[in-house]
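S.K.: One predicted model, sequence on top.
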Amino acid sequence: MNMRDSEYVMGILMDRGFRKAKSADEADVIIFNSCSVRKHAEDKLFSNIGDLWKLKKRKPGLVIGLMGCTAQSYKDAALERAPLLDFVCGTGNESDLPAIIGDILKDRCRMVAADKVNEKKHEIFPAYRDETFKTFVSIGEGCNNFCSYCIVPYVRGKERSRDAKDIIREIDDLGSRGFKEVMLLGQNVNSYGRGEGTDFVKLLCEINKLKGIERIRFMTSHPKDASIKLFEAMRDLDKVCEHLHLPLQSGSDRILKLMNRKYTVKDYLKLAESYRKILPQGAITTDIIVGFPSETEKDLKETVKVMKAAGFDSAYTFKYSPRPPARSCKLKDNVSEALKDKRLKTIMDIQCRIAEDINARLIGQPAGILVDGCGSKDPRKLTGRTRTNKVVVFDGRPDLVGKFVDVKILSATPYALKGKIV
Ligand code: SF4
């Protein structure tokens, strides 16, 4: 989501005559796009801003700004914590950035604009994209779920879906410009259009009809809202890729309740089983948090049990950290850092073995790949992704980047497959 926001901001600034600088040294304006999901990211951000003092001394006219979730959560306090900052731009104010920067350049004032967190974004369609063949498309913003550990509903506001016609228009344009793959983004894509007479599956059906685009991905699905209807659409719509990201967070019902996730382990496993029945070749990935307040070894064992039962292709694993004003901050953060580290290692090791087994079964099989990169040292070492979102490394010509190729899988590790063009 943040990557797409950065691109969007770059696009609107470029439409106003700004150019992308090659380095911070060369820039007249530096904007930090921030994430506040974990405290570590926040601390690193403020330290990175502080590191610019030498540059600012050399170039007193340099404008330094902050956007994204930390900007929204800190507002004026960000100016106090980071004296080098000239402006703070909240998550709903990005389209105001040309005006904010213009005012600062004119008056040399410090500004905070963070008053539009619950508003729908203006539908502006800047052409700029970082990539040329695959890209992100936001279908909505905000979240109404208030999982107890999560800051997103506070910094991204209440759930707002973009109008389907604007999404279709954007993707249609991308298809006509040669883009082949889109990743639809939303904090909870499955609640797209709720209360507005439409839904996510209807949107997928419309996007599937568009020319040019050959692969459609989406992220993230909340287990309480993902449905059989969605899995059937993934099976029946030829462009929708067979990869479901379904965050588990914990395999303990007690912890899930404290997290306010609104499903049980039984619900989750039933859903995963339905997905496997409908899409036997499909991949399923997840997010897991360890060290949530009061988590015991028994809770961790239950999480491991679910990991094994669901057979995740991969998992993003995190240590819990309190994110005020999220509700879990009221609970005592009573799992020590050392224990969180140990538990994280435990589940990472287990996930590694699960993924190794799953990937080993792919050896000898064919796969269609969208080539997405080549090595900087050896440009003939290519990488790409299968429809199930697995990374494949193989030898080929660098001009294949951005194209589809068929490969045969030769070997596998927990993290990637090695293949050969056939
Ligand atoms: S669904 Fe929960 S974890 Fe995801 S963004 Fe919303 S509140 Fe955060």
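M.R.: Done, it's in. Residues are numbered from 1 along each chain as shown.

S.K.: rest of the way, CA atoms for contacts and neighbours
M.R.: OK.

S.K.: Residues contacting the biggest helix by length in the chain, please?
M.R.: Of all the segments of type helix in the chain, defined by DSSP state H, the longest one is helix 337-360. With CA atoms under 8 Å, 6 or more residues apart in numbering as the test, helix 337-360 has contacts from 290-291, 300, 304, 307-308, 311-315, 317-320, 411-417.

S.K.: Please work out the average pLDDT along that helix.
M.R.: The predicted model assigns helix 337-360 a mean pLDDT of 98.

S.K.: list the buried ones in that helix?
M.R.: Judged by neighbour count using 16 or more other CA atoms under 10 Å, the buried positions of helix 337-360 are 340, 343-344, 346-348, 351-352, 354-360.

S.K.: ok so, going back, just the buried ones from the contacts of helix 337-360?
M.R.: Counted by 16+ other CA under 10 Å, those give 290-291, 300, 304, 307, 311-315, 317-320, 411-412, 414, 416-417 as buried.

S.K.: Go through those and flag which are in helices.
M.R.: Counting by DSSP H, those place 300, 304, 307 in helices.

S.K.: Can you give the domain ranges for the protein?
M.R.: Listed by automatic domain parsing, the domain ranges of the chain are 2-113, 134-360, 366-421.

S.K.: For E123, find the nearest of those.
M.R.: Proximity to E123, assessed across those by CA to CA, is greatest for domain 134-360 (7.3 Å).

S.K.: and the end-to-end length of that closest one?
M.R.: With CA to CA, to the nearest Å applied, domain 134-360 spans 28 Å between its terminal residues.

S.K.: Can you confirm whether that domain lies near the ligand?
M.R.: Yes: residues of domain 134-360 contacting the ligand under CA under 6 Å from any ligand atom: 143, 145-147, 150, 152-153, 187-188.

S.K.: what's the most distant pair in those residues?
M.R.: Among the residues of domain 134-360 next to the ligand, C150 and N188 lie farthest apart (CA to CA), at 13.2 Å.

S.K.: right, and the helix or strand after the helix or strand encompassing M3?
M.R.: Assigned by DSSP states H and E, M3 falls within helix 2-15. Per DSSP H and E, the first helix or strand lying C-terminal to helix 2-15 is strand 29-34.

S.K.: Note down every partner strand of that next one and its orientation.
M.R.: According to DSSP bridges, strand 29-34 forms sheet pairs with strand 63-68 (parallel).

S.K.: ok, now which ones touch M111?
M.R.: 86-88, 100, 104.

S.K.: Let's verify the residue in the stretch 201-350 of the chain positioned nearest to the ligand: helix, strand, or coil?
M.R.: Closest residue of the stretch 201-350 of the chain to the ligand, CA to the nearest ligand atom: H222 (6.0 Å). Look at H222: counting by DSSP: H, G, I helix; E, B strand; the rest coil, its state is coil.

S.K.: swap in I369?
M.R.: strand.

S.K.: Could you measure from W53 over to V304?
M.R.: Counting by CA to CA - W53 and V304 are separated by 46 Å.

S.K.: S274 now?
M.R.: From S274 across to V304, the span is 20 Å (CA to CA).

S.K.: I'd say K120 and R160 touch.
M.R.: Yes: shown here, K120 and R160 form a contact pair, counting by CA atoms under 8 Å, at 6.4 Å.

S.K.: ok, these two, which is more surrounded?
M.R.: R160 (22 against 18; other CA atoms under 10 Å).

S.K.: and that one, bridged to which residues?
M.R.: Beta-bridge partners of R160, counted by DSSP bridges, are E141.

S.K.: Spell out, range by range, the strands that occur in the stretch 101-250 of the chain.
M.R.: With strands called from DSSP state E, counting those that start in this stretch, the stretch 101-250 of the chain shows them at 111-113, 134-138, 140-141, 160-161, 181-185, 215-219, 243-245.

S.K.: Can you tell me which of those is packed in deepest?
M.R.: Neighbour counts (mean count of other CA atoms under 10 Å) averaged over each of these peak at strand 140-141, with a mean of 26.

S.K.: What are the contacting residues of that strand?
M.R.: 156-162, 185-187, 189, 192.

S.K.: Which of the residues you listed are buried? Put it as a PyMOL command.
M.R.: The following PyMOL line selects those of those that are buried, judged by 16+ other CA under 10 Å:
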select buried, resi 156+157+158+159+160+161+162+185+186+187+189+192
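
S.K.: tell me the contacts of L203?
M.R.: Counting by CA under 8 Å, 6+ apart, L203 has contacts A164.

S.K.: switch the cut-off to 10 Å
M.R.: 139, 163-165, 167-168, 192-193 (CA atoms under 10 Å, 6 or more residues apart in numbering).

S.K.: circling back: can you list residues touching both of K120 and R160?
M.R.: By CA under 10 Å, 6+ apart, the residues touching both K120 and R160 are 140-142.

S.K.: Include distance to E42 and pLDDT when you put those into JSON lines, please.
M.R.: Shown next, in JSON lines, are those (distance: CA to CA, whole Å; pLDDT from 0 to 100):
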{"residue": "G140", "distance to E42": "24", "pLDDT": "93"}
{"residue": "E141", "distance to E42": "21", "pLDDT": "92"}
{"residue": "G142", "distance to E42": "20", "pLDDT": "94"}
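
S.K.: From these, pick the one nearest I213.
M.R.: Distances from I213 to those, taken by CA to CA, are shortest for G140, at 20.0 Å.

S.K.: quick one, phi/psi of V391?
M.R.: Backbone torsions for V391, taken as degrees, to the nearest 10, come to phi -80, psi 130.

S.K.: count of residues packed around G384?
M.R.: There are 24 residues near G384, going by other CA under 10 Å.

S.K.: what's near enough to touch it?
M.R.: 368-374, 390-394, 401-405, 417.

S.K.: Write the ChimeraX selection for whichever of those residues are buried.
M.R.: Here is the ChimeraX command that selects the buried residues among these (16+ other CA under 10 Å):
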select :368,369,370,371,372,373,374,390,391,392,393,394,401,402,404,405,417
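
S.K.: any idea how far the ligand is from the residue lying farthest from the centre of the chain?
M.R.: In the chain, counting by CA atoms, centre = their mean, D107 sits farthest out from the average C-alpha position, at 36.6 Å. D107 sits 38 Å away from the ligand, going by CA to the nearest ligand atom, to the nearest Å.

S.K.: got it, and R361?
M.R.: 32 Å.

S.K.: Pretty sure that residue sits against Q281.
M.R.: No: when contacts are counted by CA atoms under 10 Å, R361 is not listed as touching Q281 (11.2 Å).

S.K.: where's G195 relative to E7, distance?
M.R.: Distance, G195 to E7, using CA to CA: 30 Å.
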